[in-house]
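K.L.:
Compute the structure for the input listed below.
(one chain, ligands or ions: 1)
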Amino acid sequence: MPSEQANPFHSAQQQFDVAAELLNIPEGIRAILRVPQRELSVNFPVKMDNGSTKVFTGYRVQHNLSRGPAKGGIRYHPQVDLDEVRALAMWMTWKCALVNIPYGGAKGGVIVDPRQLTLGELERLTRRFATEISILLGPEKDIPAPDVNTNAQIMAWMMDTISMHRGYTVPAVITGKPVNIGGSLGRADATGRGVSLMVREMARRQNRNLESMAVVVQGFGNVGGVAAQLLHEMGCRVVGIADASGGYYRRNGLDIRAMQAYVASQPQRSLAGYKADGMEPLSNAELLELPCDVLIPAAMENQITDLNASRIRARLVVEGANGPTTPAADAVLADRGVTVVPDILANAGGVIVSYFEWVQGLQEFFWDEHDVNQKLERVMVGAFEQVYNLAQERRLPLRTAAYLVAVQRVADATLTRGVYP
Ligand code: NAD
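P.N.:
Numbering: from 1, shown residues only. Okay, here's the model as predicted:
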């Protein structure tokens, strides 16, 4: 049966099960790691500009805290649900463990289309949601960051809200903040930069020249937009881009800067209506199946499924998004010899520089951008090498190799700490 609408939490559990089996993780530890530790659901009112009151629903899920405080983004999207947030929280646990930063995994979300809100409504929704989940938050407890449809301004409101409650400024409770209130230089670009580094490293391993590579990117936000720009600067030809408004293809390469300037000029921050010579519009589904060397899904989950995996023409998929490939599609891609650099590795740049931001905030000692980017590269390339070498050694897909490293670290920490009481 086609599984286009795969439940992301079931996918996350399936991916975990594969690693737990290969690692021979004891049954009790397996049962602990298979489910989130804490889940908070909140229904909260927001005063709308027309005088009415609307009730919104949101979640904060902490998957595992064995290796440190919980860390993970906040998503605003009409399709947010508890299982999606559970999956995203579990993926955060593995991601932090894989790149060896001292955090557990968490994620949050609110069911809302922020484009339907005025700026005032968005601020009130953010401050009330931050208040509702504040019982979980704190620099040593749980540290949110941006995700889909949230940004540095929203993080500033969250940090300010928590600080107002405490009566003093608590910069390290949130990362992805604006630089003028304790954000880190390099954070805004970090996830996309990490994705571009993974393309570079894979090209090196395959003896490919970046100039000869055609790239397609789905999603033109924080992750996809920066990845497209940096890969273009590194010499790749970015031939296809899509956002929620649809896809855009130009065989000789798209003008990424012009597209970014266009999006920035639109109130809806979208590519809708963008025109250029020689460019063809196409659907998101068609975009994923374009002839290219590298496909970067950097939008939402469940984009590469058993329905389209056999038609993906890229030889390399680098997952900018979390959970873009279903387990069923993974198997089809592996059979066809398509290499997938998995989300927990490919998009870890964001949480790595969030960690740097937290460290800088706690120490009140800030680094320059060159320093941040250099440290990011060292961590990302180190994790890539470990995963790549393990995959070669054991003839495993990169995802399985990444899970073996990550799940072992979390299982070890859980085992060392023991089961309380
Ligand atoms: P964003 O809100 O900045 O951008 C999302 C982009 O995806 C937008 O261009 C939007 O139009 C597009 N999009 C939405 N639905 C789409 C669809 N059905 N088809 C095509 N395009 C669609 O979000 P982001 O921060 O770039 O996050 C994108 C993905 O990367 C998510 O899976 C997120 O969890 C993951 N991620 C983000 C970060 C981060 O630091 N922001 C870090 C790691 C992973």
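K.L.:
what sits against the residue of the chain found nearest the ligand?
P.N.:
Residue nearest to the ligand within the chain (Cβ to the nearest ligand atom): Gly221, separated by 1.8 Å. Every C-beta, even on glycine, is put in place using the N, C-alpha and C of the backbone. By Cβ atoms under 8 Å, 6 or more residues apart in numbering, the contact set of Gly221 is 148, 243, 298-299.
K.L.:
Show me what from this structure comes close to the ligand.
P.N.:
Residues of the chain lying close to the ligand (Cβ under 6 Å from any ligand atom) are 146-149, 191, 218-224, 242-244, 284, 298-300, 320-322, 347, 350.
K.L.:
What segments of the stretch 201-350 of the chain are strands?
P.N.:
Ranges of strands within the stretch 201-350 of the chain are 214-218, 237-243, 246-249, 280-282, 294-297, 316-318, 339-341, based on DSSP state E, counting those that start in this stretch.
K.L.:
These into TSV, with extra columns for mean neighbour count and mean pLDDT?
P.N.:
TSV is the format used below for the strands of the stretch 201-350 of the chain (neighbours: other Cβ atoms under 10 Å; pLDDT from 0 to 100):
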stretch	mean neighbour count	mean pLDDT
strand 214-218	26	98
strand 237-243	25	98
strand 246-249	20	96
strand 280-282	14	95
strand 294-297	30	98
strand 316-318	25	98
strand 339-341	23	98
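K.L.:
Turn those strands into CSV, including distance to Val112.
P.N.:
Formatted as CSV, these follow (distance: least, Cβ to Cβ, whole Å):
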stretch, distance to Val112
strand 214-218, 23
strand 237-243, 19
strand 246-249, 23
strand 280-282, 29
strand 294-297, 23
strand 316-318, 30
strand 339-341, 31
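K.L.:
closest to Glu132 out of the ones you listed?
P.N.:
strand 237-243 (30.2 Å; Cβ to Cβ).
K.L.:
Could you tell me which strands the closest one is paired with, and in which direction each runs?
P.N.:
Strand 237-243 pairs in its sheet with strand 214-218 (parallel), strand 246-249 (antiparallel), by DSSP bridges.
K.L.:
Quick check: chain neighbours aside, which residue is closest to Met202?
P.N.:
Spatial nearest neighbour of Met202, excluding adjacent residues (Cβ to Cβ, 6 or more residues apart in numbering): Leu316 at 5.7 Å.
K.L.:
got it, and Gln229?
P.N.:
In space, Gln229 is closest to Ile256, 5.1 Å off (Cβ to Cβ, 6+ apart).
K.L.:
What helices and strands are in contact with the longest helix that the chain contains?
P.N.:
Longest helix of the chain, by residue count under DSSP state H: helix 369-394. On a contact count with 3 or more Cβ pairs under 8 Å, 6 or more residues apart in numbering; DSSP states H and E, helix 369-394 meets helix 187-205, helix 343-346, helix 349-363, helix 398-417.
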